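S.K.: A predicted structure for the sequence below; I have some questions about it.
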Amino acid sequence: MPRKPLGELIIEQGLASAEEVRRLMRRAEQTGGLLGTLAVNEGLLSRRQLKKLLAEQADVEPVPEGFRFNVDLAGLLPVRLAKKYGVVPLKSDRRKLAVGTAEPENVAMLDELAFATGMEIRPYLMLEGELADALDEVYSDAVPSRDVPPPPRTQTRERYAPPPRRAYEPEPGTPPTAGADNAAVSLLAEALELGAHSIHLRLSEGRLEIRFRLGGKLEPGPAAPPRSSRTLLNQIKVLAGMSSAERGGPQQGHFRTNVGGKPIAVAAHFTPTLGGERALLRLEARQGQVPGYEELETPAELVRLLDEAGESRHGLVIFTGPPFSGKKDLIYSLLDRLDLRHRAVITVEGQTSYGLTGVDTLRPLAEEGLSYPGAVDAALFQDPDVLFVDDLPTAEVARRVIGAAYARTLILLRLPSSGIISGLLALRQMSDEPFLFASSLLLAVSQRQLRRLCPQCKRPYSPSKAVLQSLKISATRPFTFYEAPGCAACEHTGSGGTVNIYEQLEPNAQIRQLLAGELSIEELSRAARRTGLRTAREAALDLALKGEVSVAEILRLT
Ligand SMILES: [Zn+2]
């Protein structure tokens with residue numbers, strides 16, 4: 001369905017004559033203004049009518065007049081992103097986040113929001129003029145420095161440049177034969193082999209585009225196109241227990257399958273779009289079995305600290321890092337090393353778990369009457385020695401978890417955030433007793449995943465002076481960086497899997513004191529650096545100099 005121009009919609013709905021619209025369009029062209037705004041200013045349309053029209057044009061719902069924004073949602077969407085794009089969180093049910101935006105069709109933006117929040121983003125239309133007030137309302141209490149500063153403009157552009165696209169023409173009339181049987185499974189196999197976390201499928205105007213999310217970045221999907229796009233999508237829907245005929249609204253489901261002998265869990269989210277359909281497949285528990293520290297390339301010093309923390313009777317270990325950085329792998333490696341014969345271990349996980357023998361998992365499912373806080377309570381009633389909590393949806397959960405960590409339980413907490421400092425600050429903000437939080441904190445770990453350069457085609461190169469400057473490296477020193485232009489072995493992506501970088505902070509007395517008292521971020525950062533905490537960027541630079549990752553990967557981290 002092609003998008004109708006606003007002018008046409010105005011005429012069609014009898015809000016103005018064709019003559020009036022033509023006059024406005026001429027004025028819009030002369031003044032560089034927007035047709036809709038002009039129409040409102042001239043009294044042809046009310047703001048409400050304009051909103052309704054724009055929503056109709058983008059095929060989304062408008063945010064109702066007098067909508068009451070919820071300050072509690074500010075924590076779900078970083079203020080930096082909200083302000084960068086003019087996006088306001090409206091409501092959320094843990095997996096989905098509804099946002100108000102003037103650009104509901106900005107796919108790159110929606111992708112970035114989905115990536116940053118780990119949730120499915122549902123856009124609703126708001127007018128430019130409404131956004132500023134709504135943002136002020138929702139983010140009135142936000143501490144702006146909780147987020148890393150936005151990267152310079154040029155990097156932003158580089159970062160979000162759309163990857164090279166491979167669109168596939170479905171063969172019209174191809175029947176779903178037995179040969180197409182394994183299209184879904186082959187796609188999963190290929191994604192797993194490349195180490196992808198998720199698969200993005202986009203059917204638009206009858207063309208299917210497949211991309212893999214590798215180390216946080218979208219890459220072109222499989223070299224061989226599926227025989228029929230529609231068949232592939234239907235196969236996935238059937239596997240996930242959805243209705244394949246249903247294209248009217250969003251659908252989601254889960255399924256488990258075996259790919260090359262490895263068990264894998266897939267969470268599928270489908271949503272219709274203006275020109276077709278989008279699907280996101282999250283691949284979970286990719287290994288089927290818990291990876292060891294060795295497989296995760298965890299440095300010896302961190303292994304020692306994790307083992308030490310694992311021996312503690314009670315306390316809090318937090319695992320920070322952006323979504324898709326493999327935090328759960330590291331947490332399960334720790335769980336796997338615990339003496340399960342003598343310790344009761346429970347996990348509360350919204351998403352699929354590894355299913356470790358001897359470890360019980362509680363899955364909060366609001367639809368089935370078990371809320372997240374309810375699941376955490378139920379787990380704590382079981383008096384576990386060790387409890388892994390994979391999310392902190394509310395301050396209430398934060399209080400329970402911190403209270404338990406202080407008194408009697410070893411709590412492992414997964415906390416999506418850009419790094420240790422921002423993670424600690426976010427948690428402290430959620431806890432109403434910073435003293436308990438500060439005293440129970442045993443260790444904070446941050447993890448990020450970078451794309452490894454393809455070992456087959458990587459070669460030394462000299463970055464430009466400008467790049468070296470942005471890395472704050474003096475060009476006079478003989479540094480060697482590497483790049484991978486792409487070859488047959490890496491399917492011309494230049495990428496050879498992923499590599500992890502870790503940082504850890506073992507709080508000393510001074511850091512505890514800062515966390516418990518009136519702290520400034522600068523003081524905390526300085527104190528953390530004195531304990532040897534590096535930034536993700538510094539760690540990435542080390543890897544770049546070893547030829548493991550590209551310079552672009554370092555810039556991506558800022
Ligand atoms: Zn290569």
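M.R.: Noted; the coordinates are in hand.

S.K.: what residue ranges in the stretch 251-400 of the chain score low on pLDDT?
M.R.: The model of the stretch 251-400 of the chain has pLDDT under 70 over residues 261-263, 284-288, 352-353.

S.K.: can you map out the strands along it?
M.R.: 251-259, 262-272, 276-284, 315-321, 345-348, 359-362, 386-389 (DSSP state E, counting those that start in this stretch).

S.K.: Residue 520: how many residues sit nearby?
M.R.: Neighbour count of residue 520, defined by other C-beta atoms under 10 Å: 10. (Each C-beta comes from the backbone N, C-alpha and C, glycine too.)

S.K.: picking up where we left off before, export the strands of the stretch 251-400 of the chain as TSV, with columns for mean neighbour count.
M.R.: TSV is the format used below for the strands of the stretch 251-400 of the chain (neighbours: other C-beta atoms under 10 Å):
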stretch	mean neighbour count
strand 251-259	16
strand 262-272	19
strand 276-284	20
strand 315-321	25
strand 345-348	24
strand 359-362	19
strand 386-389	25
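
S.K.: Could I get the pLDDT score of the closest residue to residue 547 other than its chain neighbours?
M.R.: Nearest non-adjacent residue to residue 547, counting by C-beta to C-beta, 6 or more residues apart in numbering: residue 482, 4.3 Å away. For residue 482, the pLDDT comes out at 91.

S.K.: now do the one 3 residues further on
M.R.: Model confidence at residue 485, given as pLDDT, is 89.

S.K.: That one touches residue 494, doesn't it?
M.R.: Yes - contact criterion C-beta atoms under 8 Å: residue 485 and residue 494 qualify, at 6.2 Å.

S.K.: Can you list phi and psi of whatever residue of the stretch 51-200 of the chain ends up closest to the ion for me?
M.R.: Closest residue of the stretch 51-200 of the chain to the ion, C-beta to the ion: residue 194 (12.4 Å). The phi and psi values for residue 194, taken as degrees, to the nearest 10, are phi -80, psi -10.

S.K.: ok, it - contacts?
M.R.: 212, 214, 219, 495, 497 (C-beta atoms under 8 Å, 6 or more residues apart in numbering).

S.K.: circling back: helices or strands up against the host helix or strand of the residue nearest to residue 547?
M.R.: Taking DSSP states H and E as the definition, one finds residue 482 inside strand 481-483. On a contact count with 3 or more C-beta pairs under 8 Å, 6 or more residues apart in numbering; DSSP states H and E, strand 481-483 meets strand 459-461, helix 536-545.

S.K.: Could you list every helix and strand in contact with the helix or strand following the last one?
M.R.: Per DSSP H and E, the first helix or strand lying C-terminal to helix 536-545 is helix 551-556. Here helix 551-556 is seen to pack against helix 153-160, strand 441-453, helix 465-470, helix 536-545 when contacts are counted using 3+ C-beta pairs under 8 Å, 6+ apart.

S.K.: Send me helix 551-556 as CSV with only the CA atoms.
M.R.: Extracted as CSV, the C-alpha positions of helix 551-556 are listed here (Å, rounded to 0.1, in the frame of the first residue of the first chain):
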residue,chain,number,x,y,z
VAL,A,551,39.2,1.0,14.5
ALA,A,552,35.6,1.3,13.7
GLU,A,553,34.7,-1.0,16.5
ILE,A,554,36.5,1.3,19.0
LEU,A,555,34.6,4.3,17.7
ARG,A,556,31.4,2.3,18.0
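
S.K.: what is the rounded mean pLDDT of that helix?
M.R.: Helix 551-556 comes out with an average pLDDT of 83.

S.K.: can you check stretch 108-128 too?
M.R.: 84.

S.K.: Can you list the buried residues in that stretch?
M.R.: Residues 109-127 are the ones in stretch 108-128 that count as buried (16 or more other C-beta atoms under 10 Å).

S.K.: So which of these are in strands?
M.R.: 120-125 (DSSP state E).

S.K.: Throw these into CSV and include distance to the ion, thanks.
M.R.: As requested, these are exported to CSV (distance: C-beta to the ion, whole Å):
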residue, distance to the ion
120, 33
121, 33
122, 38
123, 37
124, 43
125, 43
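
S.K.: can you tell me which two in those residues are farthest apart?
M.R.: 120 and 125 (17.7 Å; C-beta to C-beta).

S.K.: And the helices and strands packed on strand 481-483: which comes nearest residue 420?
M.R.: Residue 420 lies closest, by C-beta to C-beta, to one member of those: helix 536-545, at 9.4 Å.
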